[in-house]
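In: sequence and predicted model, in that order:
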Amino acid sequence: MSQEPLLIDARGHRCPVPTLKLRRALEAMASGDLVRLIADDPMAKVDVPHFANQGGHAVVEQAEADGAVSFVIRKG
């Protein structure tokens, strides 16, 4: 299991691009690994948690700063 989350910076991209980048990263990761996604599209606040829940993954952290939202997702 990774110590530091893999970082995906999707700022400047509109949905569904941040979610697609997240899905691609999760496919290559082991169960329990962490990924941090940073996005500035307001729809990410809805799309990312929905995608994670549908895929059996867990949003373990969500924060907002400087016009962007950051998620840490644990692969299920």
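Out: Arrived safely. If you're wondering where the values come from, they're calculated on a predicted model, not measured in any experiment.

In: and residue 21, that's in a helix?
Out: Yes. Using DSSP: H, G, I helix; E, B strand; the rest coil, the assignment for residue 21 is a helix.

In: pretty sure it contacts residue 35?
Out: No. In this structure, residue 21 is not within contact of residue 35 by Cβ atoms under 8 Å, at 9.6 Å. Placement of C-beta: from N, CA and C, glycine included.

In: hey, what's in contact with both of those two?
Out: residue 8 (Cβ atoms under 8 Å, 6 or more residues apart in numbering).

In: pLDDT wise, what is residue 1 at?
Out: According to the prediction, residue 1 has pLDDT 48.

In: same thing with residue 5?
Out: pLDDT at residue 5 comes out at 96.

In: show the contacting residues for it.
Out: Residue 5 neighbours (Cβ under 8 Å, 6+ apart): 34-36, 72.

In: which ones are touching residue 11?
Out: 38-40, 68.

In: just the closest of the residues you listed to residue 53, please.
Out: Residue 53 lies nearest to residue 39 out of the contacts of residue 11, by Cβ to Cβ, at 16.8 Å.

In: in the sheet, who's paired with that closest one?
Out: residue 69 (DSSP bridges).

In: all good on my end, thank you.
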